[in-house]
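> all I have is the shape, not the residue letters:
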């Protein structure tokens, strides 16, 4: 086999793989059309804690391998996380995703999520309700994450006392 022919075959193989990946992603997004769009933050939202984060993934809460691909939640990106009395606001380049305190289910440390593993407890994971779905969002705080973790945990503690 000649080098030019080998190069053409390799390029065709890579193109087919890219096409299959694109079709798979499109199919995943289509299958998740029933997931409602996240809430937008209230006009009077005030953050008590802010942090630069790496948004890692949002998955179904009971299946860490099922990535949510709709509503701008599909791709990892550098983002900003704000925690206030009304809830958690994740500002990604694509959209602002607001989780009202009443929809927040739990906050904990995590070590892994789909296609990402870090040192023990290196991720913060918050589970939340979105319509009929329970989701889990995983973030990695740039710098010290203790303040962010405690602020998020206070929201769930307050919600449990309200019930």
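Structure received. Model, not experiment: these values are computed from the prediction.
> what average pLDDT does stretch 32-40 get?
Mean per-residue pLDDT for stretch 32-40: 88.
> what's that stretch in contact with?
For stretch 32-40, the external contacting residues (Cβ atoms under 8 Å, 6 or more residues apart in numbering) are 68-71, 73, 95-100, 130-131, 133. Heads up, the C-betas are built off the backbone N, CA and C, glycines and all.
> which ones among the residues you listed lie within strands?
96, 97, 98, 99, 100, 130, 133 (DSSP state E).
> what about the third one, neighbour count?
Counted with other Cβ atoms under 10 Å, the burial measure for residue 98 works out to 20 neighbours.
> residues contacting residue 112?
For residue 112, the contact set (Cβ under 8 Å, 6+ apart) comprises 64, 118, 123.
> ok, the residue lying closest to residue 108 once chain neighbours are set aside to residue 41 distance?
With sequence-adjacent residues excluded and distances taken as Cβ to Cβ, 6 or more residues apart in numbering, residue 108 is closest to residue 125, at 5.5 Å. Going from residue 125 to residue 41 by Cβ to Cβ, to the nearest Å gives 21 Å.
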